[in-house]
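In: model the following, please.
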Amino acid sequence: MKYPIYLDYNATTPCAPEVIEAMLPWFGQHFGNAASKSHPYGWMAEDAVETAREQVANLIGAKPKEIIFTSGATEAINLAIKGIFEHYSGEKQHYISCKTEHKAVLDTLDHLQSKGAEVTYLPVNQFGEIDLEELNSSILPHTKMIALMWANNETGLIHQMDRIKEIAEERNIILFTDAVQAVGKIPLDIKGIHLMAISAHKMYGPKGIGAIYIRHNHPLPKPLALIDGGGHEKGFRSGTLNVPGIVGFGKAAELRSKNLEVEDARLENLRNLLESKILEIEGTTVNGNLKNRLSHVSNISFAGVEGVELLQRVNKEVAVSSGSACTSISPKPSHVLAAMGIEPDLGRASIRFSLGLNTTESEIIFVAKYIKKVVETLRKS
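Out: Residues are numbered from 1 along each chain as shown. Okay, here's the model as predicted:
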């Protein structure tokens, strides 16, 4: 099968060859259970898990004991939000988030509302930014958590996390961030963060493995476990550890630590080249903040074409999406673009381009030409 050019790295990334190589022995040769404490098979697996824990911690500037492995970011998000809700069970609870969060956060908060919690969803401006004064004024005496993503998965917007951390710190409130699109892409300072979700497959690691960062040595509470049975991962997440996945996660984190800044600059140049050529097409607009965003992401609207047909035509030669991979099959316009005030037809006719390690300049030039051809054809039909 001939695959199209891949520009959907925010949906998932290919495992780096070094990651695959690191994982392979742990499927067969070293197959032990990391919880088997009485023999070398288990000792080897446990050592590999702890090495990976340190590698992931080093990537974000945390302590290894603050990293708890999960099945992915969605589980980490559920553990962070529902685990805090359970901690405060029986109390009046209020949570603050944003209309442009990932569905994993929005749906989890919806669940909390069904259980009696109050949730404030902050609006955004046309660039996808929240008003920090509105965030501050939304805090109530019974506010338990601020849940805001570090970088948006659809537009690449990087929220003002330094100021958000200050607000949470000043008001002594738990700050949870979905940092899936930020970790391994931009330098992060986790000071002031209490809980953070991370995913391996967004940073050239394997699918099915993620982590939650849980801040230690702080009076604010930690989440209660959602899964019982064995007390693995310091009691936060029971279940047999996915040793091959964890090893791959650790290797991916190590690789990202080494080439983050160089790759960031390379992708920004390629992204800017793509935008400059596509914006030559009449009726095209980049959605979001053009300054404070991830270097590899561009979300572009195409006026005068039907969204579903645009995506179908483009994907014959270029693998892209109209938004989050979790909602890419929906004909509805992106909830992120809708919150930014983009009208539904234009929201449906928007494409998220996300570049990655394997993206080349020749591919970008081809993509721009192909997109122009598709848009011109659709506008004539």
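
In: make it CA atoms for all contacts and neighbour counts henceforth
Out: OK.

In: the helices in the stretch 251-381 of the chain, which residues?
Out: Using DSSP state H, counting those that start in this stretch, the helices found in the stretch 251-381 of the chain span residues 307-314, 335-339, 344-348, 361-380.

In: may I have stretch 250-267 exported as PDB, CA atoms only?
Out: Coordinates of each C-alpha in stretch 250-267 appear next as PDB, following Å, rounded to 0.1, in the frame of the first residue of the first chain:
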ATOM      1  CA  GLY A 250      11.800   6.000  28.500                       C
ATOM      2  CA  LYS A 251      13.900   5.800  25.400                       C
ATOM      3  CA  ALA A 252      11.600   8.200  23.600                       C
ATOM      4  CA  ALA A 253      11.900  10.700  26.500                       C
ATOM      5  CA  GLU A 254      15.700  10.300  26.400                       C
ATOM      6  CA  LEU A 255      15.800  11.000  22.600                       C
ATOM      7  CA  ARG A 256      13.500  14.100  22.900                       C
ATOM      8  CA  SER A 257      15.800  15.500  25.600                       C
ATOM      9  CA  LYS A 258      18.700  15.400  23.200                       C
ATOM     10  CA  ASN A 259      17.200  16.900  20.000                       C
ATOM     11  CA  LEU A 260      14.300  19.000  21.200                       C
ATOM     12  CA  GLU A 261      15.700  22.500  20.400                       C
ATOM     13  CA  VAL A 262      17.300  21.600  17.100                       C
ATOM     14  CA  GLU A 263      14.200  19.900  15.800                       C
ATOM     15  CA  ASP A 264      11.900  22.700  17.100                       C
ATOM     16  CA  ALA A 265      13.800  25.200  14.900                       C
ATOM     17  CA  ARG A 266      13.800  22.900  11.900                       C
ATOM     18  CA  LEU A 267      10.100  22.300  12.000                       C
END
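
In: rewinding a little: residue 212: which of the helices of the stretch 251-381 of the chain is closest?
Out: Each of the helices of the stretch 251-381 of the chain has some distance to residue 212 by Cα to Cα; the shortest is helix 335-339, at 24.2 Å.

In: what does the closest one rub up against?
Out: By Cα atoms under 8 Å, 6 or more residues apart in numbering, the surrounding residues in contact with helix 335-339 are 99-101, 123-125, 128, 154, 287, 344, 347.

In: make it 6 Å
Out: residue 100 (Cα atoms under 6 Å, 6 or more residues apart in numbering).

In: show me the strands in this protein, by range?
Out: 5-6, 67-70, 94-98, 118-122, 143-147, 174-178, 195-199, 210-214, 284-286, 297-302, 318-319, 350-354 (DSSP state E).

In: give me the neighbour count for residue 281.
Out: Other residues lying near residue 281 total 17 when counted by other Cα atoms under 10 Å.

In: do residue 124 as well
Out: Other residues close to residue 124 by other Cα under 10 Å number 18.

In: got it, and the one 4 residues further on?
Out: Residue crowding around residue 128 was assessed by other Cα under 10 Å; the count is 26.

In: please apply the same query to residue 14.
Out: Residue 14 has 18 nearby residues by other Cα under 10 Å.

In: before we move on, what about residue 265?
Out: Look at residue 265: counted by other Cα under 10 Å, it has 13 neighbours.

In: distance check, the residue nearest to residue 50 when sequence neighbours are not counted against residue 4.
Out: Sequence neighbours aside, residue 64 is the residue nearest to residue 50 in space, at 7.8 Å (criterion: Cα to Cα, 6 or more residues apart in numbering). Here the distance between residue 64 and residue 4 works out to 39 Å (Cα to Cα, to the nearest Å).
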